[in-house]
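**Q** Sharing a model prediction with you, sequence too.
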Amino acid sequence: MPHLRTLRLWRSDDFPWTSIRPIYPPSRIVFSQTMMLRWCKSLQTSDSINQHVFVFQHDLNELFEQLNKLVFLEILGEIHEEKIEPYRSMVQRNFPNSQCHIDISRFRLWI
């Protein structure tokens with residue numbers, strides 16, 4: 001796969017791809033829904049956003065190292081509005097000669 005030039009991924013949830021999701025026992029369905037809502041709300045803090053940006057940066061660097069012919073990456077999914085600008089800044093810092101388009105439903109990067 002090192003000669004792959006285009007990669008399209010789809011995730012129903014937010015970046016990064018390596019996020020760890022909490023798992024609650026099915027017997028506590030009401031409790032788990034409450035805890036899941038709290039957990040989702042915690043993802044919008046500045047600390048959480050910084051952690052996501054850091055992990056996403058690491059994942060992108062690793063991807064482009066392994067797929068050295070990759071020219072275009074597209075990830076479809078939901079991105080919280082607060083994360084769009086941090087992701088864009090990270091891409092501009094790490095891939096200065098690239099072009100990117102990031103909105104609430106997709107991440108596109110041309111190298």
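**A** That came through fine. Numbers count the residues shown, from 1 in each chain.
**Q** Which secondary structure state does the closest residue in space to Pro86 that isn't next to it in sequence sit in?
**A** Across the structure, with Cβ to Cβ, 6 or more residues apart in numbering as the measure, the residue nearest Pro86 apart from its sequence neighbours is Val53 (4.7 Å). For the C-beta atoms, the positions are set from N, CA and C on the backbone; glycine is no exception. Taken by DSSP: H, G, I helix; E, B strand; the rest coil, the conformation at Val53 corresponds to helix.
**Q** so what pLDDT did Val53 get?
**A** With respect to pLDDT, Val53 has a value of 85.
**Q** Next, the contact list for it, please.
**A** Val53 sits next to 83, 86-87, 90 when contact means Cβ atoms under 8 Å, 6 or more residues apart in numbering.
**Q** How much space separates it from Glu82?
**A** For Val53, the distance to Glu82 equals 11 Å [Cβ to Cβ, to the nearest Å].
**Q** Let me see the ranges of the strands in the chain.
**A** For the chain, applying DSSP state E gives strands covering 6-10, 72-76, 99-103, 106-110.
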